[in-house]
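Visitor: Predicted model, plus sequence, below.
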Amino acid sequence: MLPNVLSDHAAAAQSQSSDSSTLEGAGIRVGAIWKSARDRRRAIQATLREYEGNAYADFRIFEMDAFGRMRPTSKGLTVSVKQLGKFAKLVGDTYRVALKMGLLGDRGGT
């Protein structure tokens, strides 16, 4: 299992109990998924952060170091929370197209 990964329920509870002032510093870690089913050394982690008074969603690739700790890489994507709804729709649209094309197999990508 991915070290220090919040369950969906724990992440939802944490994000609901947090206000924007807690985004300063390390931000609020929402959750993480393995980069692929075969690759258990890299994960994509979602974090809400603040920079210069603006809130962002940061989707960063983390890699496991020699000691088994997940460390951030320079690879990732940052989206303004103002654009997060459009980004979520884009991801959903991409999922539906991949599903329709049969790219997700029997499991539906879960």
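Guide: Structure's in. What do you need?
Visitor: For the rest of this, base every contact and every neighbour count on C-alpha atoms.
Guide: Will do.
Visitor: which parts of stretch 66-73 are buried?
Guide: Within stretch 66-73, the residues scored as buried using 16 or more other CA atoms under 10 Å are 70, 72.
Visitor: CA atoms only: put that stretch into CSV for me.
Guide: In CSV, the C-alpha atoms belonging to stretch 66-73 read as follows (Å, rounded to 0.1, in the frame of the first residue of the first chain):
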residue,chain,number,x,y,z
ALA,A,66,16.3,4.2,-1.2
PHE,A,67,14.8,4.4,2.3
GLY,A,68,11.2,3.7,1.1
ARG,A,69,10.0,7.3,1.5
MET,A,70,8.0,9.0,-1.2
ARG,A,71,9.8,12.2,-2.4
PRO,A,72,8.4,14.8,-4.8
THR,A,73,9.8,15.2,-8.3
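Visitor: distance between it and the chain's centre?
Guide: Put simply, stretch 66-73 sits 16 Å off its chain's centre (CA atoms, centre = their mean, to the nearest Å).
Visitor: cool, stretch 98-108 as well?
Guide: 21 Å.
Visitor: helix, strand or coil for the residue positioned nearest the centre of the chain?
Guide: The C-alpha lying nearest the average C-alpha coordinate of the chain belongs to residue 46 (CA atoms, centre = their mean; 2.6 Å). Each residue gets one of three states, and residue 46 gets strand by DSSP: H, G, I helix; E, B strand; the rest coil.
Visitor: which residues sit in contact with it?
Guide: 29-32, 57-60 (CA atoms under 8 Å, 6 or more residues apart in numbering).
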